[in-house]
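[1] got a structure for you, letters missing:
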Ligand code: SF4
């Protein structure tokens, strides 16, 4: 490719506050040495970043049974079910708790609602670890939904409290909340959507309106990255989703001049630098 590409990076890229904090805490644990540092599931939804941590000594395990003597368990930024933390405590397993303070806030709202005997409704994806961890604070009783149509089956309740998955799309959450008002007389809504993802979506939307092609960079299992990608596609902008610079296909840039770059909240800076470097080489700079 001989013609120059203009690359515009979104105003909000790279790790969000919570992921940055989690990675710093894990780093400190690995540096400190001592017992094996283990995780159940990936610490963040980015396979390349996870691989780097494994190479530095982080050990993936399937359950507490696999955590060795003196082992330390990392609680992921999404948080976990409190039953797991209690069991780790009973077994004398140390913890590095990287639960994002914003997720912790949702967990605390749910715990308080449950203690007050108020039914808990969570707007979010029931399969997402954050939602499962939050639901664990409500015993067996939380109602989880991610669609307005499901609201018709809720209650009816005299009163109930709502929390929202931190990365859930605001417009959809508000539509579900409105539908829930038909089923709950006194509905207490805690807006627990994380501002980091809202700002990122807004910045990506602004950028998508100015470019010939959007590149969305992040883990394929990262829900906020997938949502950014879908948003760009829905805006009618030609968009490609990549995890690494190697996946870039030079033919994408034929007849295009301005390329926008957006990333999920778990995309490390070193991957972004590699992508920018490859784009710069492709454009002949
Ligand atoms: S997206 Fe928000 S809630 Fe999730 S880890 Fe990042 S800062 Fe925390």
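    Now that the structure is in, tell me what you want to look at. Bear in mind that the values here come from a model prediction, so they are computed numbers and not experimental data. Numbering: from 1, shown residues only.
[2] who touches the residue lying closest to residue 69 once chain neighbours are set aside in this structure?
    Sequence neighbours aside, residue 35 is the residue nearest to residue 69 in space, at 7.5 Å (criterion: CB to CB, 6 or more residues apart in numbering). C-beta: built from backbone N, CA, C; applies to glycine. Residues in contact with residue 35 (CB atoms under 8 Å, 6 or more residues apart in numbering) are 68-72, 94.
[3] and the residue in the stretch 1-150 of the chain positioned nearest to the ligand, how many neighbours?
    For the stretch 1-150 of the chain, the residue closest to the ligand is residue 18, as judged by CB to the nearest ligand atom, at 2.5 Å. Residue 18 has 23 neighbouring residues, counting by other CB atoms under 10 Å.
[4] need the contact list for it.
    The contact partners of residue 18, taken as CB under 8 Å, 6+ apart, are 77, 100-103, 194, 196, 265.
[5] Same check on residue 239?
    When contacts are counted by CB under 8 Å, 6+ apart, residue 239 is found next to 208, 213-216, 229, 232-233.
[6] Name only those of those that count as buried.
    For the contacts of residue 239, burial is judged from neighbour counts taken by 16 or more other CB atoms under 10 Å, and it is met by 208, 213-216, 229, 232.
[7] just those residues now: which is nearest residue 24?
    Distance to residue 24, by CB to CB, is smallest for residue 216 among those, at 25.3 Å.
[8] which residue sits closest to residue 82, ignoring its sequence neighbours?
    Closest residue in space to residue 82, ignoring its immediate chain neighbours: residue 136 at 5.2 Å, by CB to CB, 6+ apart.
[9] count of residues packed around the one you found?
    Here the count is done by other CB under 10 Å, and residue 136 has 20 residues near it.
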